[in-house]
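K.L.:
model the following, please.
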Amino acid sequence: MPLSESRILYIDDDEGLCRLAKRHLERMGCELTYALSGAQGIELARATSFDLVALDHIMPGMGGLETLELLMALPSPPGVIYVTGSDETGVAVAALKAGAVDYVVKTGSGDFFELLTSTLHQAAATLRLRQQKEQVEQQLRETNAQLEALLHEMNHRVANSLQMVSSLVSLQSRRATGQEARAMLQDVRHRIQAIGRIHRQLYTGESYHAVNMRDYLEGMARDLAGTFSSENIRRSIKVMAQDASLPAATAVTLGVLVNELVSNACKYAYGREESGEVRIRFDLEGEDGYHLRVEDDGVGLGEDHGPQGTGLGSQIVTAMARSLGAIHSFSSPGKGLQVDIHRAPSAPKQAGPSANGQDG
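P.N.:
Now for the predicted structure:
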């Protein structure tokens, strides 16, 4: 706001100087109130919201620095111009560190009032910029809160919609006449659930943008173990994962990968009447690398090493790994099958050579 619209308080025990300052500033259209002690100034500042305060350093009783501390403790502290003597530069620095906007040196000439007025103008401009900055920051906070609320609602709606689609697919699979059709619809349902779990975690968790991989994989493991187990045959799925978060888009792709690999292990690694275990391991490497391993103790790779079933799962694994910039491999180091998905961490940026030709 312009200086003429600012409410100004002058705190100084020299009443004559206060009257001169009041007369000088009122000729410029400013409104100035003065107090003859620090205690009186604090009382006025608590009763009336002042924009600017000119505060003298040396006063009987409560000195300038003590008064400044109390002014800064107000709910809406004013901009303070600290008035010092010509040999009190160190005091001015202490006042600036304590929260004063600026300082002015008191002199016995009329130049003091011109200097005080100029400093008050600058302080008013500084406060105006500060208020504008605070308003913009508040608007950004409000906008961010609105966007987070919208994102929360979006994840909630997406999760509910995917759950409805999953239920419809499940209903359709029960009505399918062929065994192969039922199995395919069940696979589709698992893929939908893998994606839906991400959105459920996003709207129920602490973050709207990242997914805790250990919680996510453990939840998926429980769902898949329940699907592929029966009263007599058990598919035990164990998760060994770091308590680490990944961006939602990356977590979705990894979730689809894990779903395919675990589903294939549950269906093909063990006999129909045989219980078995599937293990999921996940570790971060560096800032953006990771290693995913799904392994079982089943029959391992066949002689032709070809995919079992329709082969769609293998195609999905290949496509998902490629989209992540990861490499995948299948091996049978002993008993069973081991599938590794590995994305190497990005190389750290090297500092360029300095201007003198030497490394920085």
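
K.L.:
ranges for the helices of the chain?
P.N.:
Ranges of helices within the chain are 15-26, 38-47, 64-72, 89-98, 111-175, 179-204, 213-228, 248-268, 312-323, based on DSSP state H.

K.L.:
which of these sits closest to residue 342?
P.N.:
Of all the helices of the chain, helix 312-323 sits nearest to residue 342, with 9.0 Å by CB to CB. Where C-beta positions appear, they are placed from N, C-alpha and C, glycine not excepted.

K.L.:
helices or strands next to the closest one in the packing?
P.N.:
In this structure, helix 312-323 packs against helix 248-268, strand 327-331, with contacts taken as 3 or more CB pairs under 8 Å, 6 or more residues apart in numbering; DSSP states H and E.

K.L.:
chain center to it, what's the gap?
P.N.:
With CA atoms, centre = their mean, to the nearest Å as the basis, helix 312-323 stands 31 Å off its chain's centre.

K.L.:
which outside residues touch it?
P.N.:
Outside helix 312-323, the residues that touch it by CB atoms under 8 Å, 6 or more residues apart in numbering are 187, 253-254, 256-257, 260-261, 263-264, 307, 327-328, 339, 341.

K.L.:
still on that earlier bit, now, of the helices of the chain, which is deepest in the fold?
P.N.:
helix 248-268 (a mean of 22; mean count of other CB atoms under 10 Å).

K.L.:
who are the packing partners of that helix?
P.N.:
On a contact count with 3+ CB pairs under 8 Å, 6+ apart, helix 248-268 meets helix 179-204, strand 210-212, helix 213-228, strand 235-241, strand 276-285, strand 289-296, helix 312-323, strand 338-343.

K.L.:
picking that back up, which of the helices and strands packed on helix 312-323 sits closest to residue 159?
P.N.:
Smallest distance to residue 159 across the helices and strands packed on helix 312-323 (CB to CB): 12.1 Å, for helix 248-268.

K.L.:
list the contacts for residue 96?
P.N.:
Contacts for residue 96 (CB under 8 Å, 6+ apart) come out as 82, 102, 103.

K.L.:
residue 146: which of the residues you listed is nearest?
P.N.:
Taking the contacts of residue 96 together and measuring to residue 146 by CB to CB, the closest member is residue 102, at 37.6 Å.

K.L.:
burial count for that closest one?
P.N.:
Residue 102: 17 surrounding residues under other CB atoms under 10 Å.

K.L.:
wait, it touches residue 92, no?
P.N.:
No: using CB atoms under 8 Å as the test, residue 102 is too far from residue 92 to be in contact (9.1 Å).

K.L.:
pull up the overlap in contacts between those two.
P.N.:
By CB under 8 Å, 6+ apart, the residues touching both residue 102 and residue 92 are residue 82.

K.L.:
quick one: contacts for the nearest residue to residue 170 once chain neighbours are set aside?
P.N.:
Using CB to CB, 6 or more residues apart in numbering and skipping residues adjacent in sequence, the residue nearest residue 170 is residue 189, 5.4 Å away. The neighbours of residue 189, taking CB under 8 Å, 6+ apart as the test, are 166, 169, 170, 173.

K.L.:
what sits against the third one?
P.N.:
This means residue 170. Shown in contact with residue 170 (CB under 8 Å, 6+ apart): 185, 186, 189.

K.L.:
any chance of these in JSON lines, plus distance to residue 143?
P.N.:
Below are the contacts of residue 170 laid out as JSON lines (distance: CB to CB, whole Å):
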{"residue": "185", "distance to residue 143": "43"}
{"residue": "186", "distance to residue 143": "44"}
{"residue": "189", "distance to residue 143": "38"}
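
K.L.:
just curious, which of those residues is nearest to residue 112?
P.N.:
Set against residue 112, the nearest of these by CB to CB is residue 189 (83.0 Å).

K.L.:
just to revisit the earlier point, can you pick out the most distant pair from the contacts of helix 312-323?
P.N.:
Using CB to CB, the two most remote members of the contacts of helix 312-323 are 187 and 327, lying 24.5 Å apart.

K.L.:
next, the angle helix 213-228 makes with the worst-scoring helix or strand of the chain on mean pLDDT.
P.N.:
The helix or strand of the chain with the poorest confidence is helix 179-204; it has a mean of 77 (mean pLDDT, DSSP states H and E). Counting by axes from the mean of the first three to the mean of the last three CA atoms, to 10 degrees, helix 179-204 lies at 150 degrees to helix 213-228.

K.L.:
gap between helix 179-204 and the chain center?
P.N.:
29 Å.

K.L.:
thank you, goodbye.
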